[in-house]
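Visitor: Provide a 3D model corresponding to the input given below.
(2 chains)
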Amino acid sequence: EAAVTQSPRSKVAVTGGKVTLSCHQTNNHDYMYWYRQDTGHGLRLIHYSYVADSTEKGDIPDGYKASRPSQENFSLILELASLSQTAVYFCASSADWGGAGSQNTLYFGAGTRLSVL
Amino acid sequence: GDSVIQMQGQVTLSENDFLFINCTYSTTGYPTLFWYVQYSGEGPQLLLQVTTANNKGSSRGFEATYDKGTTSFHLQKTSVQEIDSAVYYCAMRDNTNTGKLTFGDGTVLTVKP
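Guide: The predicted model follows:
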């Protein structure tokens, strides 16, 4: 069974402060993703990575940085947290991008609930 | 750009009722389509993948169909149970080698006993 662990599970941050959300996977997966979930807006992709030491921008990268120091770990960094970044953040991993013959199932962590005050 | 529209934000049913959720998509090329389910306090998990137009996928009593002509895909279940209460997301993966999924806004399904 795929395992993606996020920490912390919840966090309260102050406006302008720095926040780091961590994700660890034990699936030996190459691909990792950070999604943001807002009520009524589904999941939106912030950053992703397909190899260690490299990250790519997703659909809503502004205000976020990402770091992939190893295959297993993927962090999301808010250098200057803002009220609008209050949301639930999900990390996910997949074995590959889903080419022919591949199912490319995304395995999600349980999420981090971030409140910026 | 790619988009997925999921119109039904909330659906309330009684046990043994029929469930039907619809999504439409917009992209170039031939997408792969998915349904994910999110139970309270958990992350989303894959429910179904549909890869071939006019073919069906099925899992746990749910069935998914995909109509390339109308660029729509549907999730249905003949008889829902209270344990099916969850948020259901339709999602689409394009044909680039990023593995990125574009999600609909989700449908909150509440099944009353």
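Visitor: Below-threshold pLDDT in chain A: ranges please.
Guide: A:1-2, A:97-103 (pLDDT under 70).
Visitor: Any residues of it in contact with chain B? List them.
Guide: A:4, A:31, A:33, A:35, A:40-45, A:48, A:50, A:56, A:58-59, A:90, A:92, A:94, A:96-99, A:103-111 (CB under 8 Å from any CB of the partner chain). To be clear about C-beta, it is placed using only N, CA and C from the backbone, and glycine gets the same treatment.
Visitor: Apply 6 Å and report the result again.
Guide: A:31, A:41-43, A:45, A:90, A:94, A:97-98, A:104-105, A:108-111 (CB under 6 Å from any CB of the partner chain).
Visitor: which of these are buried?
Guide: For the residues of chain A next to chain B, a burial check counting by 16 or more other CB atoms under 10 Å in any protein chain shown picks out A:31, A:42-43, A:45, A:90, A:94, A:97-98, A:104-105, A:108-109, A:111.
Visitor: Backbone dihedrals for the residue nearest to residue A:4 when sequence neighbours are not counted, both of them.
Guide: In space, and not counting its chain neighbours, residue A:4 is closest to residue A:109: 4.0 Å by CB to CB, 6 or more residues apart in numbering or on different chains. Note on residue A:109: its backbone torsions stand at phi -80, psi -180 [degrees, to the nearest 10].
Visitor: Residue A:109 and residue A:35, how far apart?
Guide: 10 Å (CB to CB, to the nearest Å).
Visitor: Quick check: bridge partners of the residue nearest to residue B:23 when sequence neighbours are not counted?
Guide: Nearest-residue entry for residue B:23: residue B:90, 3.6 Å, with adjacent residues in sequence omitted and distances by CB to CB, 6+ apart. The partner list for residue B:90 in beta bridges (DSSP bridges) reads residue B:35.
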